[in-house]
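Chemist: Generate coordinates for the sequence data below:
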Amino acid sequence: MTATHTPRPAHTSPAPEVHDYPFTLRGDGPVLALFTGSRADQAVAARAADHAARTGHPATFAAVVRSTGFSINALLHQARGRRIRAEADAILAAVLPVID
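Modeler: Residues are numbered from 1 along each chain as shown. I've put the predicted structure just below:
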């Protein structure tokens with residue numbers, strides 16, 4: 001069996017698109033920003049921090065990671081937990097200057 005890989009063309013968009021999803025269940029409230037480690041994280045951080053500052057509501061910033069970290073083996077669970085924390089810390093560290 002032979003497989004070929006065709007490289008994807010590079011996208012040269014000027015800025016990543018940010019999507020706001022307002023929820024009107026309780027009116028204007030806290031801000032939740034999810035970061036994935038993508039180019040859009042900086043724009044999401046800026047938009048969320050600006051909204052939280054303008055409204056005076058608290059903001060929660062969270063990093064999305066690839067695994068839940070569950071394992072029945074205690075050593076694998078501990079190692080996976082360290083890897084997930086390191087991945088989340090790296091994602092959040094990239095956006096902290098924008099949030100400040």
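
Chemist: And the strands in this structure, which stretches?
Modeler: Ranges of strands in the chain, per DSSP state E, are 31-35, 59-63.

Chemist: which helices and strands does the last one pack with?
Modeler: Read it as strand 59-63. Where contact means 3 or more CB pairs under 8 Å, 6 or more residues apart in numbering; DSSP states H and E, strand 59-63 is packed against strand 31-35, helix 41-55, helix 74-99. C-beta: built from backbone N, CA, C; applies to glycine.

Chemist: Neighbouring strands - and their directions - for that strand?
Modeler: strand 31-35 (parallel) (DSSP bridges).

Chemist: Under the pLDDT cut-off, which ranges of the chain? List them.
Modeler: Along the chain, segments meeting pLDDT under 70 span 1-28, 68-70.

Chemist: One more pass at 80, please.
Modeler: Scanning the chain with the threshold set as pLDDT under 80 gives 1-29, 66-72, 100.

Chemist: Distance to residue 53 and mean neighbour count added to the strands of the chain, as TSV?
Modeler: What follows is the strands of the chain, written out as TSV (distance: least, CB to CB, whole Å; neighbours: other CB atoms under 10 Å):
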stretch	distance to residue 53	mean neighbour count
strand 31-35	10	17
strand 59-63	9	16
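
Chemist: To residue 94, which of those strands lies closest?
Modeler: Nearest to residue 94 among those is strand 31-35 (8.0 Å), distances taken as CB to CB.

Chemist: re earlier: tell me which of the helices and strands packed on strand 59-63 approaches residue 62 most closely.
Modeler: Using CB to CB, the helices and strands packed on strand 59-63 put strand 31-35 closest to residue 62, at 5.4 Å.

Chemist: circling back to that earlier point, and the strands of the chain: which comes nearest residue 48?
Modeler: Proximity to residue 48, assessed across those by CB to CB, is greatest for strand 31-35 (3.7 Å).
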